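Trainee: Pasting the sequence and the predicted coordinates here, then a few questions.
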Amino acid sequence: MYFFVDRVAEPLSNRLVKVAKGSPGFRAVCTGLANWHNSAEHNAAQRRSAARRDETDGPEPEGAQATAAPKLSEREATELGCDLLGEGIVWTIGLAVLYHEMRRDWENETQQEAVMASNLLRIEALEKRLGRLEGQAPPPQAAPAPPPPGWWGRLSASLGRQREGPQPT
């Protein structure tokens, strides 16, 4: 991921270097940022080195005391500061896009939850209405008796009536 950000930020950083060459105020901001970053990196490296020495419990080598971060030249500081600004801008844009997508998903989810709640209310209302209607309906009637066996019974049933009396065989 860092490689991608670095590749995308490179043209922006080059443009910022050109702007910094022509603007003393912007150049001062870039060099200040670069010197701060350089000091932070140097201090972090010293802490890691000290932690490794503590883990091994070995004697502290000569000259292992804290040293000041080396000063960068103005050109190096300007380039590093512009690189940091370019990467910061790319990261900020990426985070803004990610935030926008997350917010849109959240809004869609909220909308779907509202629709689901509305549908549940409609279902409950329909179930109550069905219950009331079931109470008003007449009881179901018994199914008609099956037709008697034989061809006459089948014919009578198909015509929807049954004949009383003797049936031909």
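Mentor: Everything's here; your move.
Trainee: Helix or strand: which one has Pro11?
Mentor: helix 2-22 (DSSP states H and E).
Trainee: now the very next helix or strand once past that helix against helix 2-22, angle please.
Mentor: Counting by DSSP H and E, the next helix or strand C-terminal to helix 2-22 is helix 24-56. Relative orientation of helix 24-56 and helix 2-22, computed by axes from the mean of the first three to the mean of the last three C-alpha atoms, to 10 degrees: 140 degrees.
Trainee: What residues of the helix holding Pro11 count as buried?
Mentor: Val8, Ala9, Leu12, Ser13, Leu16, Val17, Ala20 (16 or more other C-beta atoms under 10 Å). (Each C-beta comes from the backbone N, C-alpha and C, glycine too.)
Trainee: just stretch 89-106 next, same as before
Mentor: The neighbour-count check on stretch 89-106 (16+ other C-beta under 10 Å) flags Val90 as buried.
Trainee: Phi and psi next, for the residue sitting nearest the centre point of the chain.
Mentor: The residue lying closest to the centre of the chain (C-alpha atoms, centre = their mean) is Met102, at 5.3 Å. Phi and psi for Met102, reported as degrees, to the nearest 10, are phi -70, psi -40.
Trainee: Could you report the separation of it from Leu95?
Mentor: 10 Å (C-beta to C-beta, to the nearest Å).
Trainee: same deal with Arg129?
Mentor: 51 Å.
Trainee: which helices and strands sit right next to the helix or strand hosting Leu85?
Mentor: Here Leu85, judged by DSSP H and E, is contained in helix 74-136. In terms of contacts (3 or more C-beta pairs under 8 Å, 6 or more residues apart in numbering; DSSP states H and E), helix 74-136 is packed against helix 2-22, helix 24-56.
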